[in-house]
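S.K.: here you go, sequence then predicted model.
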Amino acid sequence: MWRMETVGLEQIEAAAALLAPVIRRTPTVGSRVLSERAGTQVLLKCENLQRTGSFKPRGAYNRIANLPVADRVRGVVAASAGNHAQGVAWAASELGITSTVFMPVGASLPKLVATRAYGAEVHLVGDTIDESLVAAQEFAQRTGATLIHPFDHADVVAGQATVALEILEQVPDVGTVIVPTGGGGLLAGIAVALHALAPNVRVIGVQAAEAAAWPESLVAGKPVRVPKMSTMADGIAVGLPGAVPFGHVAKLVSEIVTVDEDALSKALLLCLERAKLIVEPAGAAGVAALLTSALHDLPGPVVVVLSGGNIDPLLLTRVIGHGLAAAGRYMALRVTIDDRPGALSALLAVIGRAGASVVDVVHSRTGPWLDVDEVEVSLTVETRGATHRDEVLFALRDTGFRVRTEPDL
């Protein structure tokens, strides 16, 4: 079994006392649609409404506040593309400590602007967070600044664990807690706190299927790096689980499940439409797990942690489109029609009679797959769900149109 530094309830309670004057006690709100899906009461722990837009300031503040005076003078440094960067910048500013953050060159503009606004000196280095981390480590060695790791430190884990203390106050009879999981700091902290105070509560971690390092690591009995990652949930796209969180997760967490990109986008859309909450893809991972068949017979009430809400508006637009398509409410298709007067009107009439709404139309007469007397029409169509989408496609094909939908293109 992997052995590493442990976190106890005493450290968590000390973190809670330290954080109480500065951290928001985020609300826990019920979700009727998720409760109906799960067959038991489901509530959302809204860490997307936390300072800086995620749970990260809890661990960052606790870590930085516990630094010796001599280390504070030299400042702190971090590497991050988003939530951790903002958490460290805010925490350091609150404590009167200088902070430096290394971010990838491609970091989103809103996150870059926010990190600077919280007081950090930001350097754009490398194309990936790993390259930024190398630069941050070199900076720490050169200047004596303390590197603040996003999850692999006992003080960080203890700070994140305060989420669980609030859940127990807000939902004393909680039966299951579902947690988005990347490096494991939040999951480990919540598991430790609940094991100490409410050991019968089931704790479940959720990873993006395309960035799931935990399942293989748990089988191996030690942190194992995932060879590649490709997910919209960048907040939990961590290639190697943390050494400090690992032992706690392996011992105390009931299970870790994975969700695909469709489920993540559907979950984000549901949070936006039904809960009126803006949540980033990583933050919606727990909701995604409830929307799939990954979880069954959960002891209730169930609390799902919405771990963050920092999403680039451009990405939000794309993810909403992806979510609408995955839910069968948005369909991109290409239809081949005869190049003659009235053919386009006939196509649109079929779509109209089927009750769908055309968003846009592009008409093309070129393409190696087209005969000289044919035209391809690209359409974006709004439908009322998967059943209605299939009805529209059947109507088009039944009329004789050659149709290709987006997954086939």
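M.R.: Good, I have the coordinates. Numbering: from 1, shown residues only.

S.K.: point out where the stretch 101-250 of the chain drops to low pLDDT.
M.R.: Within the stretch 101-250 of the chain, no stretch has pLDDT under 70.

S.K.: correct me if wrong: residue 321 contacts residue 330.
M.R.: Yes - using Cβ atoms under 8 Å, residue 321 makes contact with residue 330 at a distance of 6.2 Å. (Glycine included, C-beta is placed from N, CA and C.)

S.K.: which of these two has more neighbours?
M.R.: Comparing residue 321 with residue 330 by other Cβ atoms under 10 Å, the one with more neighbours is residue 330, at 19 against 15.

S.K.: show me the beta-bridge partners of that one.
M.R.: residue 382 (DSSP bridges).

S.K.: so for it, what's the pLDDT?
M.R.: As predicted, residue 330 sits at a pLDDT of 76.

S.K.: so what's it up against?
M.R.: With contact taken as Cβ atoms under 8 Å, 6 or more residues apart in numbering, residue 330 is in contact with 321, 324, 380, 381, 382, 383.

S.K.: any idea which helix or strand comes after the host helix or strand of the third one?
M.R.: Under DSSP states H and E, the secondary-structure element containing residue 380 is strand 374-382. Scanning forward in sequence from strand 374-382 by DSSP H and E, the next helix or strand is helix 386-399.

S.K.: mean confidence (pLDDT) on that next one, please.
M.R.: 86.

S.K.: mind listing what's buried in the strand holding residue 380?
M.R.: 374, 375, 376, 377, 379, 380, 381 (16 or more other Cβ atoms under 10 Å).

S.K.: residue 176 pairs with what?
M.R.: Residues in beta-bridge contact with residue 176 (DSSP bridges): residue 202, residue 302.

S.K.: isn't it up against residue 198?
M.R.: No - between residue 176 and residue 198 there is no contact under Cβ under 8 Å: 11.1 Å.

S.K.: neighbour count winner among those two?
M.R.: Neighbour comparison, residue 176 and residue 198: the larger count goes to residue 176, with 21 against 16 (by other Cβ under 10 Å).

S.K.: contacts only, for that one.
M.R.: Per Cβ under 8 Å, 6+ apart, neighbours of residue 176: 201, 202, 203, 204, 298, 299, 300, 301, 302, 303.

S.K.: quick one: residue 192 from residue 245, how far?
M.R.: Distance of residue 192 to residue 245, computed by Cβ to Cβ, to the nearest Å: 10 Å.

S.K.: residues shared between the contacts of the two?
M.R.: residue 157.

S.K.: among these two, which residue is more densely surrounded?
M.R.: Set side by side, residue 192 and residue 245 show more neighbours around residue 245, with 32 against 27, by other Cβ under 10 Å.

S.K.: secondary structure class of that one, three-state.
M.R.: helix (DSSP: H, G, I helix; E, B strand; the rest coil).

S.K.: ok, it touching residue 184?
M.R.: Yes - using Cβ under 8 Å, residue 245 is in contact with residue 184, at 3.2 Å.

S.K.: between those two, which contacts overlap?
M.R.: residue 151.

S.K.: the spatially closest residue to residue 301 that is not a sequence neighbour: how many residues sit nearby?
M.R.: Among residues not flanking residue 301 along the chain, residue 41 sits closest, at 4.1 Å (Cβ to Cβ, 6 or more residues apart in numbering). By other Cβ under 10 Å, 18 other residues sit near residue 41.

S.K.: equivalent analysis for the one 4 residues further on, please.
M.R.: Residues within reach of residue 45, counting by other Cβ under 10 Å, total 28.

S.K.: residue numbering should commence at 3 henceforth.
M.R.: Sure, I'll start counting at 3 from here, so that last one is residue 47.

S.K.: bridge partners for it, pull those for me.
M.R.: Going by DSSP bridges, residue 47 forms beta bridges with residue 30, residue 307.

S.K.: what's the distance between it and residue 98?
M.R.: 30 Å.

S.K.: how many residues are close by the closest residue to residue 111 other than its chain neighbours?
M.R.: In space, and not counting its chain neighbours, residue 111 is closest to residue 314: 7.4 Å by Cβ to Cβ, 6+ apart. Look at residue 314: counted by other Cβ under 10 Å, it has 17 neighbours.

S.K.: quick one: residue 314 from residue 275, how far?
M.R.: Taken as Cβ to Cβ, the span from residue 314 to residue 275 is 19 Å.

S.K.: in this protein, which residue is most central in space?
M.R.: residue 284 (0.5 Å; Cα atoms, centre = their mean).

S.K.: touching, that one and residue 240? I think so.
M.R.: No - using Cβ under 8 Å, residue 284 is not in contact with residue 240; the gap is 10.0 Å.

S.K.: what do those two both touch?
M.R.: residue 184.

S.K.: what residues sit buried inside stretch 225-233?
M.R.: Quick answer for stretch 225-233 (16+ other Cβ under 10 Å): 225, 226, 228, 231, 233.

S.K.: wasn't the first one part of a helix?
M.R.: No - the assignment for residue 225 by three-state DSSP gives coil, which leaves it out of any helix.

S.K.: list the helices and strands the one helix or strand residue 79 maps to packs on?
M.R.: Take DSSP H and E as the rule and residue 79 turns out to sit in strand 78-81. Applying 3 or more Cβ pairs under 8 Å, 6 or more residues apart in numbering; DSSP states H and E, one finds that strand 78-81 contacts helix 85-96, strand 101-105, helix 131-145, strand 148-149.
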